[in-house]
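1. based on what follows, work out the 3D shape:
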Amino acid sequence: MNILAIGAHPDDIELGCGGLLIKSARLGHNIYMYVLTRGEASGDPRQRCMELIQSAKFIGAKSLWIDNFEDATLSVNSKLINHIEYFIQKVHPDIILTHPVSDYHHDHRAIAKSTLEAARNNQNILAYEVLLTRNFNPQLFYDISEVNDDKGNLISIFESQKSKNFMNQKGIRALTRYRAQQSRLNSNMEFAEGFEVMKLCLNNDFSLFKLPAGKIYSVDKKLDTKGIIEYVNDTPYHTNATEKLTELQEEIPFQLAPKVLDAPSPPRYDNENRLQLGAEWRAESIVRGIVADYHIEGHESIIDGVSSITEATERDLTFCTLEGEKAISAIARSKAGIILCKKSMKGLIHSANGSQYIFVDDPKFVFMQFVSSLRKDEKRIGIASTALIDKSAKIGADCYIGEFVKIGKNCQIGKNTIIHDRVTLVEDCIIGENCIIQSGATLGFAGFGFVRQLSGELERFPQLKGIRIGNNAEIGASCSIARGSLTDTIIGNGTKLDAQVHIAHNVRIGDYCQLTAGTIIGGSVKIGNSCWTGLNSTIKNKINVGNNVLIAAGACVIGDVPDADVVAGVPAKSIKSKVSTDELFSMIGRNSIPIP
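-> Residues are numbered from 1 along each chain as shown. Take a look at the predicted model:
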């Protein structure tokens, strides 16, 4: 009988069905193993491959294939299905062993679903469990009492993973003992492995049914196997060869794929450059006082720094705003000590790498509030000697005016406002309190407005009004905002402009909007509150945009947009019915604020 065991990572197969494979090899069956990744997210891939080959030799497998998919990023797609189908055809198995579709790990689930598709014409598929598998309901039990100690020796080969909780030998032994009791077969069966039946076909005599290869595979599957490690064991299995094998460094007849060999080592984390918080913090103390509704899971961790989810160490706090498979992948790969996650991820992720998870409604908000409460930047106050300020201008208390700033006539700056270097306020600019204007911005210049005479010549239309910017607004670097012609150009309270945003004359923008880089807004446009404009989006002149509107990147808006709509494309059209993520709606606000 040919038995093909498929696993996501080195050690998965051994944990799930190592006893069955050892016993089956001793009984003379042909064991084949196919592992999709090299486990680089949880250790040195070279060492993990070495351990896997030791394991295959210990089991007595005829062949082992180690593919080169990236660890912790697997998803159901044609490439994954094609690779699995290739090795199914190669082995023509009587039984396929793989992960369950409801497994806790997203890589495991992806392989389970891909195996079902790849083995759609095969008859017998069983799913195995590991110690952390949840909601597993075995219907088939296999007695491994005589080889259970050997399974323990097999698992101990994976030295690189010995600290992981799913490698706990007592737990693994307890699970196999429980499955034996659960089977209720007989008192002599002390240990058993349980399996879920994903697909099973029987002959009239109740033996396993198997079609000839020619009736299953009409066309041989082709695959570029470059970079896939193949270990072939031509030595017959010896029933006394149950001792742990010695290091195989000199015996391995393969080269690791260039992707592994040539991959640059990650930069060492420079503790001197870490963004440190000045104290140690536990999960409870991080979230307490910011939100009342939260849930904490995982190993207790202590952090004293913050970082991105990709660069964080076990001493860092980070956050993840993603959901679904993308979130599972990002979180599984992170080495952060504490990760703020969305509540929707509760029950979908389980700490296997020492991280602790805090589930909240808005991870980014909690992260921001926590860090901001600890890091108060030193406020700069004063006027640089190179700044040029018109005698008619008025500067509020506790402002900062940077180098080479020019403030023209009839301008007013509210208190606590910061104007960075080389900003120009041409004239008639009224800036509110607590605002920030980044370097190189130009405000209050005459807008682009001309009238063509009968002769064809262009004459500038009078630009008689100014600019009014509310409190707590931010203007990004190199933005340009024209003053009004007959009505003021207005930017509301709390609105934020990214770099290189252009706002033409007479535009009126509401409160708490976000305009990302490259946004262009034509003259006399009206935009409501809590709106978002994507990168390089354009709004034609005299367009009305409602409250809580999201305009996608690159969109060209040539018609009015109602409240709470989402538009995209050229010309922009509504796509609101096609999107519904919480992250999107948080970008545009959940409540409309009427414009007076």
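2. quick check, F69 in contact with L36.
-> Yes. Counting by CB atoms under 8 Å, L36 is a contact partner of F69 at 4.8 Å. Where C-beta positions appear, they are placed from N, C-alpha and C, glycine not excepted.
3. when the two are compared, which one has more neighbours?
-> L36 (24 against 18; other CB atoms under 10 Å).
4. quick check: S373 is in a strand.
-> No. Judged by DSSP: H, G, I helix; E, B strand; the rest coil, S373 forms no part of a strand; its state is helix.
5. tally of neighbours for it?
-> S373 is flanked by 10 other residues according to other CB under 10 Å.
6. could you pull up the residues touching the spatially most central residue of the chain?
-> Centre of the chain computed as the mean C-alpha position; nearest residue by CA atoms, centre = their mean is A330, 3.7 Å away. Contact analysis of A330 by CB atoms under 8 Å, 6 or more residues apart in numbering lists 309-310, 320, 322.
7. buried subset of these as a ChimeraX selection?
-> Selection of buried members from those for ChimeraX, criterion 16 or more other CB atoms under 10 Å:
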select :309,320,322
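8. out of the contacts of A330, which is nearest to D107?
-> Lowest distance from D107 to the contacts of A330 (CB to CB) belongs to L322, with 16.3 Å.
9. spatially nearest residue to that closest one, not counting backbone neighbours?
-> Nearest residue to L322 in three dimensions, chain neighbours excluded: A330, at 5.8 Å (CB to CB, 6 or more residues apart in numbering).
10. go on, D304?
-> In space, D304 is closest to E280, 4.9 Å off (CB to CB, 6+ apart).
11. so what pLDDT did that neighbour get?
-> Note on E280: pLDDT of 84.
12. C-terminal to the helix or strand harbouring it, what's the next element?
-> Using DSSP states H and E, E280 sits within strand 275-282. Following strand 275-282 in sequence order, the next helix or strand is helix 283-287 (DSSP H and E).
13. centre of the chain to whatever helix or strand comes next after that next one, how far?
-> As assigned by DSSP H and E, the chain's next helix or strand after helix 283-287 is strand 295-298. The chain centroid and the centroid of strand 295-298 are separated by 19 Å under CA atoms, centre = their mean, to the nearest Å.
14. now strand 295-298: buried residues?
-> Buried residues in strand 295-298 (16+ other CB under 10 Å): 296-298.
15. I'd like the next helix or strand past it.
-> Counting by DSSP H and E, the next helix or strand C-terminal to strand 295-298 is strand 302-306.
16. in that following strand, what counts as buried?
-> Applying 16+ other CB under 10 Å to strand 302-306 flags 303, 305-306 as buried.
17. which SS class is H108?
-> Judged by three-state DSSP, the three-state class of H108 is helix.
18. and it, what does it touch?
-> Neighbouring residues of H108 by CB under 8 Å, 6+ apart: 8, 12, 99-100.
19. and the pLDDT for it?
-> Looking at H108, the pLDDT reads 95.
20. what's the distance between it and Q47?
-> For H108, the distance to Q47 (CB to CB, to the nearest Å) stands at 22 Å.
21. how near is E323 to Y104?
-> Taken as CB to CB, the span from E323 to Y104 is 17 Å.
22. do the same with C411
-> Distance from C411 to Y104, by CB to CB: 61 Å.
23. neighbour-wise, which of these two wins?
-> Using other CB under 10 Å as the criterion, C411 and Y104 rank with C411 on top: 24 against 20.
24. which stretches of the protein have low pLDDT?
-> Residues of the chain that meet the criterion pLDDT under 70 lie in 213-220, 234-276, 278, 351-353, 376-378, 580-596.
25. mind giving me the domain split of it?
-> Domain assignment for the chain, taken from automatic domain parsing, gives 2-239+249-261, 273-374, 382-588.
26. shared neighbours of F69 and L36, which are they?
-> Counting by CB under 8 Å, 6+ apart, the shared contacts of F69 and L36 are 80, 83.
27. all strands for the stretch 151-300 of the chain, in order.
-> Taking DSSP state E, counting those that start in this stretch to define them, one finds strands in the stretch 151-300 of the chain at 192-199, 229-232, 275-282, 295-298.
28. take those strands and lay them out in TSV including distance to T519.
-> Below are those laid out as TSV (distance: least, CB to CB, whole Å):
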stretch	distance to T519
strand 192-199	51
strand 229-232	50
strand 275-282	30
strand 295-298	38
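29. quick one: closest of the ones you listed to K415.
-> strand 275-282 (29.5 Å).
30. who touches stretch 438-457?
-> When contacts are defined by CB under 8 Å, 6+ apart, stretch 438-457 is touched by residues 402, 408, 411, 420-429, 437, 458-461, 463, 466-467, 474-485, 489, 499, 504-506, 523.
31. from these, list just the buried residues.
-> Taking 16+ other CB under 10 Å as the criterion, what is buried in the contacts of stretch 438-457 is 402, 408, 411, 420, 422-429, 437, 463, 466-467, 474-485, 489, 499, 504-506, 523.
32. taking the residues you listed one by one, which sit in strands?
-> Judged by DSSP state E, the buried ones among the contacts of stretch 438-457 include 424-425, 429, 437, 467, 474-475, 480-482, 489 as members of strands.
33. ok, these vs K113, which is closest?
-> Relative to K113, the closest of these is E474; by CB to CB it sits at 45.9 Å.
34. what's near enough to touch the closest one?
-> Contacts of E474 (CB under 8 Å, 6+ apart): 435-438, 495-497.
35. how about A517?
-> 476, 498-501, 535-536.
36. is there a quick PyMOL command that grabs whichever of those are buried?
-> Here is the PyMOL command that selects only those of the contacts of A517 that count as buried (16+ other CB under 10 Å):
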select buried, resi 476+498+499+500+501
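37. this completes my enquiry, with thanks.
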